[in-house]
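Enquirer: This is a predicted model, with the sequence first.
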Amino acid sequence: MAIEAKAGATAVSPGVAAQAKMHEDLTAKWFLLSSIAYFFIVGIIALTIAAKFVWPQLMGTAPYLTYGRLRPLHVNGMLFGWLLPADMGLTFYIVPRLCGVKLWSEKLGVVTAILWNIIVLGAVVTLPAGMNKGLEYAELITPLAVLVVIAWVMFGANIFATIATRKYEQMYVSTWYMMGTILWTAFVYLTGNFGTLFTTGVNQANLNWMYVHNAVGLIFTPVGLALAYYYIPKSSNTPLYSHKLSMIGFWSLAFVYVWTGAHHMLHGPISQWLQTIAIVFSVMLLIPVWAVVYNFFATMKGQWHQLRENVELKFLMSGVVFYLLTCFQGPMHSLRSVNAIVSKTDWIPGHAHMAVLGAFSFFAIAGIHYTIPRLFNRPLHSVAVANWSFWFFMIGGLGFFVTLWLGGFWQGWQWNNPSIPFIDTVVALKPVWAVRFLSGVMMFTGITLFLYNIMATVIGSKTPQTTAAAARA
Amino acid sequence: MLRKTDSNAILFVVAALLLFAIGGLLTTVAPPLIDKTWGKPFENSDPAKGPVGKLRPYTDLELKGRAIYVREGCWYCHTQQTRTLLADTKRSGWKGVDSPISTPDEFVYDQPHMFGTKRTGPDLSRVGGKYNRQWHRTHFRNPRDLVQGSVMPPFPWIANNDAEFEALVSYIQTLGRAKDWRPDHDYEK
């Protein structure tokens, strides 16, 4: 409420009103609303598979509800149903504004959104049916993967055409990251989904891990950082600390990230020299990460008090902290001695969830809280609900990450002592999985409140006359 | 030069793709060309050089079983790699004999590969021949009947379907068998 009062003090400038008229934003609306719906639906799947660790017999006689079929639905649903379309929707919102022009083709954008929904629905049908290609993150059957490529080309063409017609010559760092995402994703996705069709064994695994690693590193990282670079200065009304630092962060990411795929197979049946290369470049990742994180922290210098009242900034800055932590863990895991303990344990899902939920989903949630009121020209339904949602995400998330790290580390030590029978190391983890389920319930509550708040904003009764949020646009 | 990419989108695209392509090509296309063992099936008849044996292509039945293994997502919880860690060779071992580590030449017929990333259940890279058909049928029906405390889901639709069950078991029994490393050759059917 406080944020509305504060923002309400500033009057709507004529420029803002003109800009609001210029942008149609139909594509952004389509992408954002469907992504939030999938966040909720796939959240139910997430809770179900967490529950199966606690009650292994749960829904155990229905083939399409077995753990091994719901897990890929959870992973693909969260990555390609929730997070990526949310990122795409926000890209459709941000790029035209940073370029000072309309989106190149609103029609093409809406068709892309519809196609994307068809892909996600296809995944919802095929994965529980057991139609699984058997490659992590590339589970979707080839026809659906082809549709993803088509949709991505349509998305990329639209964004690049918008950038080509831009009014401001200099491109802001968010624009670079979005362009980078579009370009790299194309090659990374083709490698992981089609290059793997023509290879076998270790050769295929190497391509698979190049894709899996860069799905996070060259798809979700750059587009997530693009959001953070846009929304942190916007939401805090503070200019970015350093342009040069953002360049260092971007170009070192472009060079370093792609080399690290083989760190998923450390100690495994893959050439030692390739493992060593992956380790060296994994440690070098600290450079782009620190350049980015320092820039964000320095931007917030003297502005931290805003976190008391600004929910978007709460999500953004805790996302930055999670990003730093997850990107510190990554290089450390890739050291052979640490890897011998944590690899293949429950530590890894703790690490992966901190990246995808803690960092990149937090950025997207912040962006949606900021953007939806502006798209629909209505104030956010309730700042209080947004705050509750934040704390449910935060406490549930921390409960999830921290218990899995501790449990995973303990599990790794047990595995390295072969006198402990394997089943004892499973039984030892049961309390950890129970806490993970309860943390999942909290996170799902966060998702539910988030969905409710956004839907209430979109179809709510608050009239455009009282739009304090729109004034801040 | 990179400073100019700020305002020149074409230069930006070229630079972003070039920097990415260096690592992209050197880590994906180059390694199999450099390391020939990635594509050559395992074969050794000289006991002095370590485990003897020969990797053969899967039979039709085994491929059918493998497809079931992929379909049910077994690979999300079971890895198939005995890593270069002492504990792994002991856990994959049998009757006090340590298992050899997994090498790339054991997997050249694997499409898709099943190395896995997460070990919720035990590693299966050397499980072939350790348990007999009856054990597997009971285990698939309800894992907790044989292993107290297990969190593996039951798979009644496989245990009760003879064609699928036979195919899956015949695949499982191949795992880790190419290197014929067990002293007594006491493999279960």
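Expert: Sure, I can see it.
Enquirer: what about the nearest residue to residue A:362 once chain neighbours are set aside, which helix or strand?
Expert: Using CB to CB, 6 or more residues apart in numbering or on different chains and skipping the chain neighbours, the partner closest in space to residue A:362 is residue A:319 (3.4 Å). Backbone N, C-alpha and C define where each C-beta goes, glycine included. Residue A:319 is part of helix A:311-333 when elements are defined by DSSP states H and E.
Enquirer: tell me what that helix is packed against?
Expert: Using 3 or more CB pairs under 8 Å, 6 or more residues apart in numbering or on different chains; DSSP states H and E as the contact criterion, the elements in contact with helix A:311-333 are helix A:221-236, helix A:272-284, helix A:286-300, helix A:336-342, helix A:347-353, helix A:362-376, helix A:383-415.
Enquirer: Just put the ones you listed in JSON lines and tack on mean pLDDT.
Expert: Supplementary listing: the helices and strands packed on helix A:311-333 in JSON lines, determined by pLDDT from 0 to 100:
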{"stretch": "helix A:221-236", "mean pLDDT": "97"}
{"stretch": "helix A:272-284", "mean pLDDT": "96"}
{"stretch": "helix A:286-300", "mean pLDDT": "96"}
{"stretch": "helix A:336-342", "mean pLDDT": "96"}
{"stretch": "helix A:347-353", "mean pLDDT": "96"}
{"stretch": "helix A:362-376", "mean pLDDT": "97"}
{"stretch": "helix A:383-415", "mean pLDDT": "97"}
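Enquirer: Could I get these in a markdown table, plus columns for mean neighbour count?
Expert: A markdown table is the format used below for the helices and strands packed on helix A:311-333 (neighbours: other CB atoms under 10 Å in any protein chain shown):
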| stretch | mean neighbour count |
| --- | --- |
| helix A:221-236 | 26 |
| helix A:272-284 | 18 |
| helix A:286-300 | 20 |
| helix A:336-342 | 17 |
| helix A:347-353 | 21 |
| helix A:362-376 | 26 |
| helix A:383-415 | 20 |
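Enquirer: among those, which is nearest residue A:199?
Expert: Shortest separation from residue A:199 across the helices and strands packed on helix A:311-333 is recorded for helix A:272-284, at 15.0 Å, computed as CB to CB.
Enquirer: which residues sit against the closest one?
Expert: A:206, A:252, A:256-257, A:259-263, A:265-267, A:330-331, A:333-336, B:23, B:27, B:31, B:35 (CB atoms under 8 Å, 6 or more residues apart in numbering or on different chains).
Enquirer: 6 Å instead?
Expert: Taking contacts as CB atoms under 6 Å, 6 or more residues apart in numbering or on different chains, the residues outside helix A:272-284 that touch it are A:256, A:259, A:260, A:262, A:263, A:266, A:331, A:334, B:31.
Enquirer: Stretch A:342-350 too?
Expert: Counting by CB under 6 Å, 6+ apart, stretch A:342-350 makes contact with A:333, A:401, A:404, A:405, A:407, A:408, A:409, A:411, A:412, B:79, B:118, B:119, all of which sit outside it.
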